[in-house]
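**Student:** Just a sequence and a predicted model for now, questions to come.
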There are 2 protein chains.
Amino acid sequence: MSGKLDQLKEILGEVSDVYHAASVLEWDQQVNMPPGGSDARGQQLGTLGKIAHEKSTSDEVGKLLQDLKHEFTDAESDDAALVRVSARNYDKATRVPSQFVSKQAIVTTKALEAWVEAKGKSDFSIFRPHLEKVVELVQEYISFFPPADHPYDILLDDYEPGMKTSEVKEIFNNLRPNQVELIKSIKSAKQVKDDFLHKKYNEKKVWDFSEAVISKFGYDFNRGRQDKAPHPFQTTFSVNDTRITNRFESENPLSTLFSAMHEAGHAMYEQGSNPIYERTPLAGGTSLAVHESQSRMWENLVGRSLPFWEYFFPELKKTFPSQLDGVSAKSFYKAINKVEPSMIRVNADESTYNLHVMLRLELEIGMVEGKFAIKDLPEIWNAKMQDYLGIVPPNDAQGVLQDVHWSSGLMGYFSTYALGNLVSAQLWEKINADITDLDDQIRKGKFDSLLGWLREKVHIFGHKYDPQDLIEKVTGSKIDSAAYVRYLTKKYSDIYGL
Amino acid sequence: MSGKLDQLKEILGEVSDVYHAASVLEWDQQVNMPPGGSDARGQQLGTLGKIAHEKSTSDEVGKLLQDLKHEFTDAESDDAALVRVSARNYDKATRVPSQFVSKQAIVTTKALEAWVEAKGKSDFSIFRPHLEKVVELVQEYISFFPPADHPYDILLDDYEPGMKTSEVKEIFNNLRPNQVELIKSIKSAKQVKDDFLHKKYNEKKVWDFSEAVISKFGYDFNRGRQDKAPHPFQTTFSVNDTRITNRFESENPLSTLFSAMHEAGHAMYEQGSNPIYERTPLAGGTSLAVHESQSRMWENLVGRSLPFWEYFFPELKKTFPSQLDGVSAKSFYKAINKVEPSMIRVNADESTYNLHVMLRLELEIGMVEGKFAIKDLPEIWNAKMQDYLGIVPPNDAQGVLQDVHWSSGLMGYFSTYALGNLVSAQLWEKINADITDLDDQIRKGKFDSLLGWLREKVHIFGHKYDPQDLIEKVTGSKIDSAAYVRYLTKKYSDIYGL
């Protein structure tokens, strides 16, 4: 049988090479490409995508998978996982007709253009007909798959393999009242001071500081690099070449530090994937939520913690003495954790972020079920903002039109952001039970036990386990909001004296 | 018939996309890649190369070419050229068995390692057995093709389509005595002063100056960029994304300027290729010699001319006032054209460079003919150095081991460097006949007529005409040394008062 497994690995290895080549081209597009290069780059990416799709959906792959499916009885073995994950990918890729993929590309290209215009003019009616078509496409996509408990399960499964809509709903239903309550308490407390965060900071110094921090975390610059791009992101060309991008915004200069920690969190996950999984579908992270748990852990549970700044603040103050004159580590810690319900998800703090996500999930489920008329979306959006955050967007640009996702046909994606937050707290409780002096270590700028734990318990497994199975294996329970609620309550009680 | 042509273009378009994707990966490897990325990158490039080779040598392509071969009777048409060039590429690619390609990769990988060691220890005996194998491989490669007038023709044709060994020999035989004679005269003249070229220059200022110069030339930074890399090179991802790399060597700081002009010369050729040739084998430059004629023209005939520095020297002096204190444009011009026979080809000046190349061509022909025993190579090398340049390398590292080419299996390549010099002078005479005030324009920093002429007469045709045909079409005669000899004699008579 191993001959067939080798054949499968050979083909999937080439598919992986082509996808990674495409990732290099996409990275270059964001980081280096001169303006003129755009058309040809689109064409080149189209060709690579077509080649990878043809190779991975060939009859040969189908036959190999069919033959191999029942050969690996030890479910715990890497080979069994490889066949299982490959078979699932194959099934998904072959169910969706290529005509549909072409149609989708055309509809979403136009929808993206319309969204840009609609957002610019803050006029939902420009985007509405396009969103209607996107929703039809999403429903057609769902129709290619066998009926699930809920049609939205099909979408969710693309980002969180094995996760059910009912599970996510239940998790969020437990979480929502706690977060809403917390925000109400904070609103009536005395606001913290953060004016010093918005002074003028030197870009290069902030950038260098960000690299010093993530080097200390354990992000390996021999197997990665940080470059400037319009948006921060992480990308993987191999386990030994995993890069991040970042930006500098003068009105919020220190956000560069937190973006670096966030993206390095993603990158360290990828750098820690078992090298024997290279060039197979087991390489990399297992799901968006688990990926986000890593990025949010390094950004928030580590990078916005008091022990972290007890170590790093003196150095930061030495780098920016005038900006931080008279500021203590504690007051800096409070400032970077300031809670302020706001319209825009990407600017949201830890206590409000998940509510933005829940709102979107509810709207997506409503659209997929056909329960909402698309024309009513702005109104529903605004009502939910009032309910959850106590604020109402002054216009659609700051409301229903703020995110690019729907215009690109991405539905099923948003909840992974919030799930990642929850998982980060679940892992954090387990880590602190295992490494009892973690706070002290962080206070000394030592992160090797933490990273070592994550590598051993999470990173090394790559895509071998589905997210719920992995989290249960590591923490003893599936994804759950309790740990996150405990974390938030403790943190904000301290900061706001609740 | 046009249906079949479209089918061919569709396939070759994808092949072109894959090769350009590989070029992005190679560029990234030189410019950005962290050390860890190396193994996976090699694998990815191997896969892309394999895919492109499979696609371009498929039976489908063979049949289409067979059917299309006799359909385009107008030899001047682009379609006829496309079929002709594609058929030649197909013939070459299908003649060479893939087992040979694998064997070659193994032999040359080891040969390259041995060469690095041999050069480091200046010990030819370490490299000798590997070079023997490389020569066997080259002879085997030749055996895949129908017999030519001279076996070396097969190798030459890969770089200079249509060019014959006998033609190159004749050209070089005419050139050699003139160059040897010229060097003798210069040797007995008073040497020029160039100490100010080797002072300390600020890297960033030199780099910025180089970009200002090539922008003025007409290198379009909206369709390209210059990055730092271990070696200067030019690479093309599309007609609208054609990049160059450069380096800074503190012991020879201004070489950055001339490398930028050289690589921009290559890049402007690629940027000027007819956009309708994109994603076909007609895109880009027609041969290495014609390419080199463009790079050497901008670097030497423009960039090392007196009119050029009459315009740029005041600006350079303003940028580096202390380094160039007391230096005039004329003395700067003399310094950058200083003639000094030296061991190393890549450091050679205009009057000695071609002799280095001729030496290598004679050795390569001897090896292919089996006329030389490989063990005698160092001795033959040194004897020819004495004959042509009047100097003898003190060791093999500075002699027969200096170039990487043979260890990589590259034979047939060297003469294109010298041919490019000759072509640059042939074109230059024609340009000056057409643009009679060119020197005055250059003296005013104006290069648009020059670039316009090159675009119209050379660049636009891409790969449509074979090099000899193109040069004849443009200048009225095939590649010939007379113009270059006139150019050199005039230039050095002025500089050295011969």
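**Tutor:** Yep, it's here. Residues are numbered from 1 along each chain as shown, chains lettered A, B, ... in the order given.
**Student:** I'd assumed A:F313 was in contact with A:A329.
**Tutor:** Yes: the pair A:A329 / A:F313 is scored as a contact, 4.0 Å apart, by CB atoms under 8 Å. For the C-beta atoms, the positions are set from N, CA and C on the backbone; glycine is no exception.
**Student:** number of nearby residues for A:K490?
**Tutor:** The number of residues packed near A:K490 is 10, by other CB atoms under 10 Å in any protein chain shown.
**Student:** Which element, helix or strand, includes it?
**Tutor:** helix A:482-496 (DSSP states H and E).
**Student:** can you pull the buried residues of that helix?
**Tutor:** Judged by neighbour count using 16 or more other CB atoms under 10 Å in any protein chain shown, the buried positions of helix A:482-496 are A:A482, A:A483, A:Y484, A:V485, A:Y487, A:L488, A:T489, A:K491, A:Y492, A:I495, A:Y496.
**Student:** Just give the nearest non-adjacent residue to the most centrally placed residue in chain A, would you?
**Tutor:** The centre of chain A sits closest to A:E292, judged by CA atoms, centre = their mean, with a distance of 4.3 Å. In space, and not counting its chain neighbours, A:E292 is closest to A:G420: 2.4 Å by CB to CB, 6 or more residues apart in numbering or on different chains.
**Student:** Then A:Y219?
**Tutor:** Closest to A:Y219 by CB to CB, 6+ apart is A:A264, at 4.2 Å.
**Student:** Residues of the stretch 251-400 of chain A that sit close to chain B?
**Tutor:** Within the stretch 251-400 of chain A, the positions near chain B by CB under 8 Å from any CB of the partner chain are A:E278, A:R279.
**Student:** Try it again at 10 Å.
**Tutor:** Residues of the stretch 251-400 of chain A lying close to chain B (CB under 10 Å from any CB of the partner chain) are A:Q271, A:E278, A:R279.
**Student:** So for the closest residue to the second one other than its chain neighbours, what's the pLDDT?
**Tutor:** The spatial neighbour of A:E278 that comes closest, neighbours along the chain excluded (CB to CB, 6+ apart), is A:V239 at 5.6 Å. At A:V239 the predicted local distance difference test score is 98.
**Student:** cool, A:H70 as well?
**Tutor:** On the pLDDT scale, A:H70 gets 85.
**Student:** Test my guess that it contacts A:V83.
**Tutor:** Yes: proximity of A:H70 to A:V83 meets the contact threshold set by CB atoms under 10 Å, at 9.3 Å.
**Student:** Looking at the two, which has the bigger crowd around it?
**Tutor:** Set side by side, A:H70 and A:V83 show more neighbours around A:V83, with 23 against 8, by other CB under 10 Å.
**Student:** Around the closest residue to that one other than its chain neighbours, how many other residues sit close by?
**Tutor:** Nearest residue to A:V83, sequence neighbours excluded (CB to CB, 6+ apart): A:L68, at 4.9 Å. A:L68 has 22 neighbouring residues, counting by other CB under 10 Å.
**Student:** Also the one 5 residues further on?
**Tutor:** The criterion is other CB under 10 Å. On that basis, A:T73 has 7 neighbouring residues.
**Student:** ditto for A:T475
**Tutor:** 20.
**Student:** how close does it get to A:S273?
**Tutor:** 20 Å (CB to CB, to the nearest Å).
**Student:** ok, now A:T235?
**Tutor:** Using CB to CB, A:T235 is found at 14 Å from A:S273.
**Student:** So between the two, which is more surrounded?
**Tutor:** Using other CB under 10 Å as the criterion, A:T235 and A:S273 rank with A:S273 on top: 26 against 22.
**Student:** does the more buried one really touch A:R279, like I thought?
**Tutor:** No: using CB under 10 Å, A:S273 makes no contact with A:R279, being 11.7 Å away.
**Student:** any common contacting residues for those two?
**Tutor:** Taking CB atoms under 10 Å, 6 or more residues apart in numbering or on different chains as the criterion, A:S273 and A:R279 both touch A:S238, A:V239.
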